[in-house]
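Participant: following is a predicted model, sequence given first.
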Amino acid sequence: MKRKTRLIHGGINSDPLTGAVSVPIYQVSTYKQNGIGGHKGFEYSRTGNPTRHALEELIKDIEGGYAGFAFGSGMAAITAIMMMFNSGDHVILTDDVYGGTYRVITKVLNRFGLEATFVDTSNLENIKSEIRTNTKAVYLETPTNPLLKITDIEAASTIAKDHGLLTIVDNTFATPYWQNPIDNGADIVLHSATKYIGGHSDVVAGLVVVNNEKLSKDLHFVQNSTGGVLGPQDSWLLMRGIKTLGVRMEEHEANTAAIVEFLQSHPGVKKVYYPGIETHPNHEIAKKQTRGFGGMVSFDVGSEEKTTELLSKVKYFTLAESLGAVESLISVPSKMTHASIPKERRDELGITDGLVRISVGLEDVLDLIEDLKQALE
């Protein structure tokens, strides 16, 4: 199947009992058993639910993995993955990860003895230099949030395999339509499905795909034990969103290309961060491992005062957390998504108070450009 066809016909795409072309919402907590252990594949909805199972089969198919898992949020997914490790284990992570990822690693999971080092993984030598005897995994964001840095997944995975480590990739920005990390050697791929996969600002969810049976058993054990599962209503919403992921991502990409061209030419913009720009440090790697550059752009206007003025003037860009929806969103990472990262660390990374991040939506691109133009001027 081609990509757009798989989005619609992958996984379990109908109800065998009724012939319904949309998987029903099984709003149920428990299931009748014909004798102890004599169930029909489901016994309790924390362990498994037919609607959630259909979503998990679908994301498994479109990411090309062994098994899929649906969680109540992207952070629940990340936490469950990290809970497969033990106290004293060490993980190497991309330095400018999403602020929530940084927070849970440094302020929650560290309490249980999980050790972590944050490095610029776009430079592979940084990964090699931080591998210890207790290192268990390399965790990549590519493209990163918010600086859109690119890490070579295949090369990083090769390094990890040479040292017996897992490779984990947050694929939220690229989506499975543009990038499939398992094809490039990753062991685990995750999404904040709240974003592009849902696509309509109406659901909070996380998805994970693993590439082998052992990881499937280990992650299911954690998920079932800790209970951070996605409900059937939200599972159904994600399946509905996935059906249009391809056409949405292509439109996001077309709008973004035009906006990037505008931003690069505007005197009020100091720097533009987007992997589709030929001068991007790892543009060629992005071309190699992705089929598109996505709908996320960051740009620096020089100061906090200018960001405040810009935000007060835009009309079609909604000031809000999150990304990847049909409507265009705008945020200031240093004050919003990455506020949990200490200022000295943000400054070191380049997440300045003048940095603006936009999630380009599906509005008419001429309206979006005009909106940015009048706000910048």
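Facilitator: All right, it came through fine. Numbers count the residues shown, from 1 in each chain.
Participant: how close does L230 get to A80?
Facilitator: 12 Å (Cβ to Cβ, to the nearest Å). The C-beta positions use only the backbone N, C-alpha and C, and glycine is treated the same way.
Participant: what touches both of the two?
Facilitator: F71 (Cβ atoms under 8 Å, 6 or more residues apart in numbering).
Participant: can you pull the contacts of the closest residue to L349 other than its chain neighbours?
Facilitator: Once flanking residues are discounted, L349 sits nearest to D96: 4.9 Å by Cβ to Cβ, 6 or more residues apart in numbering. The contact partners of D96, taken as Cβ under 8 Å, 6+ apart, are 141, 144-147, 149, 349-351.
Participant: narrow the residues you listed to those in strands?
Facilitator: Judged by DSSP state E, strands contain the following of the contacts of D96: E141.
Participant: and of the contacts of D96, the nearest to N282?
Facilitator: When the contacts of D96 are ranked by distance to N282 (Cβ to Cβ), K149 comes first, at 7.1 Å.
Participant: hey, where'd the strands end up in this protein?
Facilitator: 67-71, 90-94, 115-119, 135-141, 166-170, 188-192, 206-210, 271-273, 296-300, 318-319, 329-331, 355-359.
Participant: and the last one, what does it pack onto?
Facilitator: In this case it means strand 355-359. strand 296-300, helix 304-313, strand 329-331 (3 or more Cβ pairs under 8 Å, 6 or more residues apart in numbering; DSSP states H and E).
Participant: how does it look with 6 Å?
Facilitator: Applying 3 or more Cβ pairs under 6 Å, 6 or more residues apart in numbering; DSSP states H and E, we find strand 355-359 packed against strand 296-300, strand 329-331.
Participant: how far does the worst-scoring helix or strand of the chain on mean pLDDT sit from the chain's center?
Facilitator: Among the helices and strands of the chain, helix 343-349 carries the lowest confidence by mean pLDDT, DSSP states H and E, at a mean of 83. Distance of helix 343-349 from the chain centroid (Cα atoms, centre = their mean, to the nearest Å) equals 22 Å.
Participant: could you list the domains of the protein?
Facilitator: 3-243, 245-376 (automatic domain parsing).
Participant: coming back round to it: will you turn the strands of the chain into a markdown table that also has mean neighbour count, mean pLDDT and distance to L237?
Facilitator: Formatted as a markdown table, the strands of the chain follow (neighbours: other Cβ atoms under 10 Å; pLDDT from 0 to 100; distance: least, Cβ to Cβ, whole Å):
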| stretch | mean neighbour count | mean pLDDT | distance to L237 |
| --- | --- | --- | --- |
| strand 67-71 | 26 | 98 | 11 |
| strand 90-94 | 24 | 98 | 29 |
| strand 115-119 | 18 | 98 | 33 |
| strand 135-141 | 24 | 98 | 25 |
| strand 166-170 | 26 | 98 | 21 |
| strand 188-192 | 28 | 98 | 14 |
| strand 206-210 | 29 | 98 | 13 |
| strand 271-273 | 19 | 97 | 31 |
| strand 296-300 | 23 | 97 | 22 |
| strand 318-319 | 14 | 96 | 20 |
| strand 329-331 | 23 | 96 | 19 |
| strand 355-359 | 25 | 97 | 19 |
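Participant: as CSV, the ones you listed with distance to H53 would be great.
Facilitator: Compiled in CSV, these are given as follows (distance: least, Cβ to Cβ, whole Å):
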stretch, distance to H53
strand 67-71, 9
strand 90-94, 29
strand 115-119, 32
strand 135-141, 27
strand 166-170, 23
strand 188-192, 17
strand 206-210, 13
strand 271-273, 39
strand 296-300, 31
strand 318-319, 34
strand 329-331, 31
strand 355-359, 30
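Participant: next, give me the two most distant ones among the contacts of D96.
Facilitator: E141 and G350 (14.8 Å).
Participant: give the buried residues for stretch 313-320.
Facilitator: For stretch 313-320, the neighbour count (16 or more other Cβ atoms under 10 Å) marks 314, 316-318 as buried.
Participant: which of those residues lies closest to A205?
Facilitator: The closest of the buried residues of stretch 313-320, once distances to A205 are taken by Cβ to Cβ, is T318, at 20.6 Å.
Participant: now the helices and strands packed on strand 355-359 as TSV including distance to V365?
Facilitator: Shown next, in TSV, are the helices and strands packed on strand 355-359 (distance: least, Cβ to Cβ, whole Å):
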stretch	distance to V365
strand 296-300	13
strand 329-331	15
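Participant: low-scoring stretches of the chain, by residue?
Facilitator: The chain contains no residues with pLDDT under 70.
Participant: can you pull the contacts of the most centrally placed residue in it?
Facilitator: Among the residues of the chain, the one closest to the centroid is T172, at 1.8 Å (Cα atoms, centre = their mean). T172 makes contact with 191-192, 195 under the criterion Cβ atoms under 6 Å, 6 or more residues apart in numbering.
Participant: residues touching the residue nearest to it when sequence neighbours are not counted, list them.
Facilitator: Leaving aside its chain neighbours, T172 sits nearest to S192 (4.7 Å; criterion: Cβ to Cβ, 6+ apart). Counting by Cβ under 6 Å, 6+ apart, S192 makes contact with 74, 172, 206.
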